[in-house]
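In: give me a 3D structure for the following:
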Amino acid sequence: MTTAVAALLPFVSVLAGAALTYWLNVRQRSHDKAQDVLRAAIAAVAAMQVSTQFATDARVGATGLDALTTGDLRDLSREVTLKGLRVYFESIASARLAVAEASAYFDGLEPFGEMEPSEFTRRGEELRTLLVAHLAPRRRPRTEASQ
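Out: Okay, here's the model as predicted:
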């Protein structure tokens, strides 16, 4: 009996070690996936905030455009405004989608998915603060000074 146990013990310990390693790896990957989704949502909300500002400030200035006629300036202004609005609406859609995905991992984000787009953009800074609060602190390597 002791010979059988002695023969099986290395195999059992290897299997137990492999199972523990696998379990830890799956947990870490799940955590990393949630943090990646959260970072994507933060980036999308920040891009939405920037595009909101661009859409409201989209105007063609007269600096360096002296050679253009009034009609050309009007056409350029219209094109810049349309591009700004297109980027604005696309960024709202991207931010809402990213927040919806993050709400599967983190509590407190569901109300933002039910908001009207104008309310969603108005509360962008509040949303970004909430998303950042969910980020796990990054582990920093210990330096000689902190040891």
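
In: endpoints of stretch 97-114, how far apart?
Out: End-to-end span of stretch 97-114 (CA to CA, to the nearest Å): 12 Å.

In: mind listing what's buried along it?
Out: A98, V99, E101, A102, S103, Y105, F106, L109, F112 (16 or more other CB atoms under 10 Å). Using the backbone N, CA and C atoms, a C-beta is placed for each residue, glycine as well.

In: isn't the fifth one right up against E110?
Out: Yes: counting by CB atoms under 8 Å, S103 does reach E110; the two are 5.3 Å apart.

In: three-state assignment of P137?
Out: coil (DSSP: H, G, I helix; E, B strand; the rest coil).

In: burial of it, as a residue count?
Out: By other CB atoms under 10 Å, 5 other residues sit near P137.

In: least trustworthy helix or strand in the protein by mean pLDDT?
Out: Sorting the helices and strands of the chain by mean pLDDT, DSSP states H and E puts helix 2-57 at the bottom, at a mean of 82.

In: chain center to that helix: distance?
Out: 16 Å (CA atoms, centre = their mean, to the nearest Å).
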